[in-house]
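Asker: just need the structure, nothing else, for what follows:
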Amino acid sequence: MNILASIILGLSLVFLMYSCGSTLMIPVVQYSFTTDQCVSVINSNMNDTYDCTNLPVRHYASWVR
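Answerer: Numbering: from 1, shown residues only. Below is the predicted model of the structure:
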C-alpha cells in the first residue's frame, strides 16, 4: 500500500512541475486601458515571434496606460 501511495505522490509531483513549467512559457499581451487594443507582446520563449498582429491563442492579459 505504501508503494502505491508513493507512486501516486511521485506522479502528482511530476504533473505539478510540468504544469508550472508550461505556465511560465505563456506570452504576455499588453492591452491599452483607453483603446482596448494590443500595445505589445512579451514573448516568454526566445523562439516565439508573436506580436499584435499575430496574437497567441493562450496568453496572459496585462493592462497598461
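Asker: which stretches of this structure form helices?
Answerer: 2-23 (DSSP state H).
Asker: residues in contact with Ser44?
Answerer: Ser44 makes contact with 24-28, according to CB atoms under 8 Å, 6 or more residues apart in numbering. The C-beta positions use only the backbone N, C-alpha and C, and glycine is treated the same way.
Asker: rerun that using 6 Å as the cut-off
Answerer: Going by CB atoms under 6 Å, 6 or more residues apart in numbering, Ser44 touches 25, 27.
Asker: could you do the one 4 residues further on as well?
Answerer: Asp48 makes no contacts at all, as judged by CB under 6 Å, 6+ apart.
Asker: just want the most central residue of this structure.
Answerer: Ile26 (2.6 Å; CA atoms, centre = their mean).
Asker: okay, now the nearest residue to Val28 once chain neighbours are set aside: neighbour count?
Answerer: Spatial nearest neighbour of Val28, chain neighbours left out: Ile42 (4.3 Å); criterion: CB to CB, 6 or more residues apart in numbering. Ile42: 13 surrounding residues under other CB atoms under 10 Å.
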